[in-house]
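**Student:** Everything below, folded, please.
(chains A and B)
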Protein chains: 2
Amino acid sequence: MRFSPLFWPIELKNNKIYILDETLLPHQVSYIEATNYEQACLAIKDMKTRAVGQVLLVMYTFLLEAAKGTDLNMVSEAINAARPSLPFKVLTDMVLGWVKSGAPIERSILGFLDGLKAKRIQQAEEASKLINDKDVILTHCNVSGLMPLIADFCKEQNKSISFFVTETRPYLQGMRLTVWELQEAGYQATIICDNAVAQVMAEGRINKVIVGADHLALNGDIANKIGTYQIAILARQFKIPFYVLCPPPSKAATGAEIKIEIRPENEILEFGGKLIAPKGARAYYPAFDVTPNEFIAQHVYLKI
Amino acid sequence: MRFSPLFWPIELKNNKIYILDETLLPHQVSYIEATNYEQACLAIKDMKTRAVGQVLLVMYTFLLEAAKGTDLNMVSEAINAARPSLPFKVLTDMVLGWVKSGAPIERSILGFLDGLKAKRIQQAEEASKLINDKDVILTHCNVSGLMPLIADFCKEQNKSISFFVTETRPYLQGMRLTVWELQEAGYQATIICDNAVAQVMAEGRINKVIVGADHLALNGDIANKIGTYQIAILARQFKIPFYVLCPPPSKAATGAEIKIEIRPENEILEFGGKLIAPKGARAYYPAFDVTPNEFIAQHVYLKI
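**Tutor:** Residues are numbered from 1 along each chain as shown, chains lettered A, B, ... in the order given. Okay, here's the model as predicted:
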C-alpha cells in the first residue's frame, strides 16, 4: 500500500515535529520544523497544514510537550484558539481526558494515531465501493491523501476512474494538492475553475461528487472548504450523487452551530504577495461553508 | 452623465483604432493601437477587449477598412473567425447588408454606434427600475460600464445600492474590471471568490443578481461568461431574482445551438505567465456557459 505525502503529512522524530508545508506544494516538497506548541499553533494558523494534518499536528504537539513535562491545559488552550472554526476541542478534550484518567499519555496518543491510520484506510475502501467502473468523479479542495487511496482501491476492484478537480480559490488546494497527488499516483485529473462546475455537469461529464469535511454536526450537516455547499446544490440540480468523507462528529447539533471562520481579505486580493485587485478594494472571505444533510447522498464515516 | 472607460472602450481617431487593453486593468489604463483589420482581430482573439468592446471594435474596423477601400467581405470573414462562440456574424451580416444596399457605409456605421450608445443608456435605466433602495446586487464578470451606470440611475431615484462581485476566474474580470469601475464611480463593491456564492446567498447578503450576456437565443436562453449558469441555479435555490442585461438576439433558436468556446488550458494553469498547477497537469476551460430561460426572472433587452 502506497500513500500520498498528504495522507500523513506530519511526523515526530527526535523531539522535532516535521510539518509538510502544503502552501509550497506542488512545486516544492518541504517540511517545517516545530520544537514547541507555539510554533505548531502558528503552522495551524498560517494554514501550512490542513484537515488531517491538523489532527496529526495537534496529537504530535501533545506528545512533544508531554515529554517535556509542559502543562497540557495550556497547550490545549493555545491549540483551540489557533483556528476557531475547526473542532480541535474534540481532540484536546480527549487528550486532557486521558491525562485526567492517569493513562500513560504517550501510549494513548500513539494508540490513537495507529487507529486513525487504519480507520482512514478503511474509509477510503468504503468510499471505493460507491464507485462504478468508468466513473468520473468531481472533487473540491483536498482530502489529505484519500482520493488517490480511493482510486487505488477502485483499481484493485478492476474499476478505472478519473477525476475533475476544482481549483479551490483562493489557496488552490484542489489544483495544487489534489491534482498533484492524483497525478503522482498515476490517475487522470483535470482542473476546472470553481465557476465551471455547472457547465461541466451540464455536459454530462461527472458521475459522482466526493468531498471531504472539516466538521460533521450530529444531524449530518457538514462544514467544509468554501465552495462545497454550492457544488452540493449543483449536484442535486443535475441528479449527481454527492458523497462526503466525514471526520468524527463534533458536539454541534446542526450546521447552524458551526462557526464559520472569516479569513483576511488580502488572501483574496493578493496573489503570490502581489496585489491583483484594484487598490483599495475590499473582499469577503468565509473560508468554509455548511452543506445541509439533505444534499448529501451518503456520508462515509470514519469507523469508530 | 459620466461613463466608465469600459462603457465605450474603443475609439477611432485619425485612421487609428484605440483599444482599451482590459487585460492590464486595473493597474494600468492603456490603449492598444490598430491600423488594420488583422491587428483588430488579434486584439479580439487575445481578449484585449470583450463584450461591447468587441462590437465597437468590429464596427470601427469596418469603418477604418471602408475608408481604405478594402474588400469588406474579407474583413467580415476574418472577424467571424476570431472567436467562434461570439455572434459576430449578426454584425458582419448587417454591415455587408448596408454595403449591398448601396448605403453610405460611414454614415450607416456611425448611425448604428450613436443608436447603440443611446440604447445602452436606456438599458441601464430600465435595469435600475428593477432595483429597490438598499438592495445588494451580486454580479459576475463585467458588463462594460453598465453596472456603474445602473447605480447612477438608482442614485437619481434616491436608491442607495451596493455590490458583491465574483472574481471570475481565470481572467478575473469581476475583480479587475467591475470592482474597479464601481469603485471609481464611488460605489461599494465587495469581491468574493467564485466558490463563495452559495454561502454569501445563504447568509442573506444578496437581494438581486444582475449579469450581462454575450449571446441571446430566440427562446430567451443566454450564453455568458463561465460561472453565470451556476449563479442562476443558486439564485433560484435561494429565491433571489436573476436579471440579465441582454444583447440583441442572435439566430440561435435555443441555447443548445450556441457553440461554447473552449479556450487554451494554460489560461488556467498559469498566472502572470508562471505555472501555478503541478507540472504536466491538464485543465478544461469552457469560456462560456448557457443559462436556460427558465432561470431568468427578467431579461433587460437592448431596445431596438
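**Student:** can you tell me how far the residue nearest to the spatial centre of chain A sits from B:Pro84?
**Tutor:** By C-alpha atoms, centre = their mean, chain A has its centre lying nearest to A:Ala51, at 3.2 Å. Separation of A:Ala51 from B:Pro84 (C-beta to C-beta, to the nearest Å) stands at 42 Å. C-beta: built from backbone N, CA, C; applies to glycine.
**Student:** What of A:Pro87?
**Tutor:** 50 Å.
**Student:** From what I see, A:Glu11 and A:Glu33 are in contact.
**Tutor:** No. Counting by C-beta atoms under 8 Å, A:Glu11 stays clear of A:Glu33, with 10.6 Å between them.
**Student:** shared neighbours, the two?
**Tutor:** A:17-18 (C-beta atoms under 8 Å, 6 or more residues apart in numbering or on different chains).
**Student:** Beta-bridge partners for A:Ile262, please?
**Tutor:** In this structure, A:Ile262 bridges to A:Pro286 when assessed by DSSP bridges.
**Student:** Tell me the pLDDT of it.
**Tutor:** For A:Ile262, the model assigns a pLDDT of 95.
**Student:** show me what contacts the closest residue to A:Ile222 other than its chain neighbours?
**Tutor:** Distances taken as C-beta to C-beta, 6 or more residues apart in numbering or on different chains put A:Ala213 closest to A:Ile222, at 3.9 Å, once the chain neighbours are dropped. Listed by C-beta under 8 Å, 6+ apart, the contact set of A:Ala213 reads A:222-224, A:228, A:244-247.
**Student:** again, only this time at 10 Å
**Tutor:** Taking C-beta atoms under 10 Å, 6 or more residues apart in numbering or on different chains, we find A:Ala213 in contact with A:51, A:143, A:221-225, A:228, A:244-247, A:288, A:291, A:296, A:299-300.
**Student:** What of A:Tyr285?
**Tutor:** Counting by C-beta under 10 Å, 6+ apart, A:Tyr285 has contacts A:169-170, A:226, A:261-269, B:191-193, B:196.
**Student:** Relative to A:Gly227, how far out is it?
**Tutor:** 12 Å.
**Student:** list residues touching both of the two?
**Tutor:** In terms of C-beta under 10 Å, 6+ apart, A:Tyr285 and A:Gly227 are both contacted by the residues A:169, B:193, B:196.
**Student:** ok, the closest residue to A:Phe3 other than its chain neighbours - how many residues close by?
**Tutor:** Leaving aside its sequence neighbours, A:Phe3 sits nearest to A:Gly145 (C-beta to C-beta, 6+ apart; 5.8 Å). Counted with other C-beta atoms under 10 Å in any protein chain shown, residues neighbouring A:Gly145 total 24.
**Student:** sorry, back to before: so which of the contacts of A:Tyr285 sit within helices?
**Tutor:** Those of those mapping onto helices are A:266-269, per DSSP state H.
**Student:** now the helices for the stretch 201-304 of chain A?
**Tutor:** A:228-237, A:266-269 (DSSP state H, counting those that start in this stretch).
**Student:** Narrow the contacts of A:Tyr285 to just the buried residues.
**Tutor:** A:169-170, A:226, A:261, A:263, A:265, A:267-269, B:191-193, B:196 (16 or more other C-beta atoms under 10 Å in any protein chain shown).
**Student:** can you put those residues in CSV and add distance to A:Phe153?
**Tutor:** Formatted as CSV, the buried ones among the contacts of A:Tyr285 follow (distance: C-beta to C-beta, whole Å):
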residue, distance to A:Phe153
A:Arg169, 30
A:Pro170, 32
A:Ile226, 29
A:Glu261, 32
A:Arg263, 34
A:Glu265, 40
A:Glu267, 35
A:Ile268, 36
A:Leu269, 41
B:Ile191, 40
B:Ile192, 37
B:Cys193, 32
B:Ala196, 33
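**Student:** Flag the least confident of those residues.
**Tutor:** Out of these, that is A:Glu261, at 90.
**Student:** so it makes contact with A:Phe288?
**Tutor:** Yes. Using C-beta atoms under 10 Å, A:Glu261 is in contact with A:Phe288, at 6.2 Å.
**Student:** Can you pull the residues that touch both of the two?
**Tutor:** A:85-86, A:214, A:223, A:226.
**Student:** Please identify which two of these are farthest apart in space.
**Tutor:** Farthest pair in the shared contacts of A:Glu261 and A:Phe288 (C-beta to C-beta) is A:Leu86 and A:Ile226. Separation: 13.9 Å.
**Student:** where do the contact lists of the two overlap?
**Tutor:** Counting by C-beta under 10 Å, 6+ apart, the residues touching both A:Leu86 and A:Ile226 are A:261, A:287-288.
**Student:** Could you dump those into TSV with distance to chain B added?
**Tutor:** Shown next, in TSV, are the shared contacts of A:Leu86 and A:Ile226 (distance: C-beta to the nearest C-beta, whole Å):
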residue	distance to chain B
A:Glu261	12
A:Ala287	9
A:Phe288	8
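**Student:** so where is chain A shaky, pLDDT-wise?
**Tutor:** A:85, A:304 (pLDDT under 70).
**Student:** How is it divided into domains?
**Tutor:** A:10-118, A:131-300 (automatic domain parsing).
**Student:** Now the residue in the stretch 51-200 of chain A that chain B sits nearest to: closest residue in space, sequence neighbours ignored.
**Tutor:** Nearest residue of the stretch 51-200 of chain A to chain B, counting by C-beta to the nearest C-beta: A:Asn195, 2.9 Å away. Nearest non-adjacent residue to A:Asn195, counting by C-beta to C-beta, 6+ apart: B:Gly227, 2.9 Å away.
**Student:** swap in A:Gly220?
**Tutor:** A:Asn293 (3.4 Å).
**Student:** who are the neighbours in contact with that neighbour?
**Tutor:** A:216-217, A:219-222, A:244, A:254-255, A:299.
**Student:** Now render those residues as a markdown table, adding neighbour count and distance to A:Leu96.
**Tutor:** Shown next, in a markdown table, are the contacts of A:Asn293 (neighbours: other C-beta atoms under 10 Å in any protein chain shown; distance: C-beta to C-beta, whole Å):
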| residue | neighbour count | distance to A:Leu96 |
| --- | --- | --- |
| A:Leu216 | 25 | 22 |
| A:Ala217 | 23 | 23 |
| A:Asn219 | 14 | 27 |
| A:Gly220 | 18 | 28 |
| A:Asp221 | 23 | 27 |
| A:Ile222 | 30 | 26 |
| A:Val244 | 27 | 29 |
| A:Thr254 | 14 | 26 |
| A:Gly255 | 22 | 26 |
| A:His299 | 15 | 28 |
